[in-house]
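J.: Build me a model from this:
(one chain, ligands or ions: 1)
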Amino acid sequence: MLNIVLFGPPGAGKGTQSERLIEKFKLIHLSTGDIFRANLKNETSLGELARTYMDKGQLVPDEVTIEMLKAEVLKHSSPIGFIFDGFPRTNAQAIALDELLTSLETEISIMLALEVEEEELKKRLLARAEQSGRADDADPAIIENRIAVYNKDTAPVKTYYQGQNKFTSIQGTGSIDEITQRIFNALENIQA
Ligand code: ADP
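T.: Residues are numbered from 1 along each chain as shown. Got it, this is the predicted structure:
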């Protein structure tokens, strides 16, 4: 299986690049943010719970997020592989993901970390708010908080994958096509 962790701060372009990867490799795309938003839309109790965190730019608690992600993975029998987009966002989530994949006799193949500097992220998120209607993109104070949470709780996950020799830094600025090409190049190296 080809199992990719697509990693990066809010606004780094994970969703956009996931679409390119799905098309090329026919992987199953699991975006925890998308799944939470779908729950919100359908007014499930999970959605109601997630909303209280998302609206403030905080992380949904690990127990909740991990259970949800596990259930999503287990819905698929014999997939080609997964793209994990927006997960893991904490070391506890990374450990839980490793345990889950080990139980399925597979593992993470590579972590692709999209690197974009903060000022550019803020610009992108405010621009996205105009189209997405996402409350967490529209408010500069919430954006600040999401970036702060990323720096404190999520960025350390890079070290976790460095320890497994799976961390790959991808420059996340330039045209969408250029970034896709960098990702495809990185994947050729691991598949060789
Ligand atoms: P972005 O990467 O643009 O911040 P996402 O759509 O990935 O947006 O996530 C939106 C929100 O959903 C996050 O701010 C957080 O509240 C929640 N969320 C998504 N993934 C996770 C996760 N793995 N752990 C905890 N909370 C999450």
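
J.: any idea which helix or strand carries the residue of the chain found nearest the ligand?
T.: Taking CB to the nearest ligand atom, the ligand has its nearest neighbour within the chain at G33, 1.9 Å off. From N, CA and C alone the C-beta is placed, and that goes for glycine too. G33 is part of helix 32-41, with elements assigned from DSSP states H and E.

J.: What helices and strands are in contact with that helix?
T.: helix 45-54, helix 62-74, strand 82-85 (3 or more CB pairs under 8 Å, 6 or more residues apart in numbering; DSSP states H and E).

J.: Could you name the helices and strands sitting against the longest one?
T.: If you count contacts as 3+ CB pairs under 8 Å, 6+ apart, helix 62-74 packs onto strand 28-31, helix 32-41, helix 45-54, helix 91-103.

J.: TSV for the ones you listed, including mean pLDDT?
T.: Shown next, in TSV, are the helices and strands packed on helix 62-74 (pLDDT from 0 to 100):
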stretch	mean pLDDT
strand 28-31	98
helix 32-41	96
helix 45-54	97
helix 91-103	98
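
J.: Kindly reformat the ones you listed as JSON lines containing distance to E144 and mean neighbour count.
T.: JSON lines is the format used below for those (distance: least, CB to CB, whole Å; neighbours: other CB atoms under 10 Å):
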{"stretch": "strand 28-31", "distance to E144": "23", "mean neighbour count": "18"}
{"stretch": "helix 32-41", "distance to E144": "18", "mean neighbour count": "17"}
{"stretch": "helix 45-54", "distance to E144": "15", "mean neighbour count": "16"}
{"stretch": "helix 91-103", "distance to E144": "23", "mean neighbour count": "16"}
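
J.: right, and those - which one's nearest G81?
T.: Closest to G81 of the helices and strands packed on helix 62-74, according to CB to CB: strand 28-31, at 7.3 Å.

J.: partners of the closest one, with directions?
T.: strand 82-85 (parallel) (DSSP bridges).

J.: which parts of the chain sit against the ligand?
T.: 10-11, 32-33, 36, 53-54, 57-60, 65, 86-87, 89, 93, 136, 146 (CB under 6 Å from any ligand atom).
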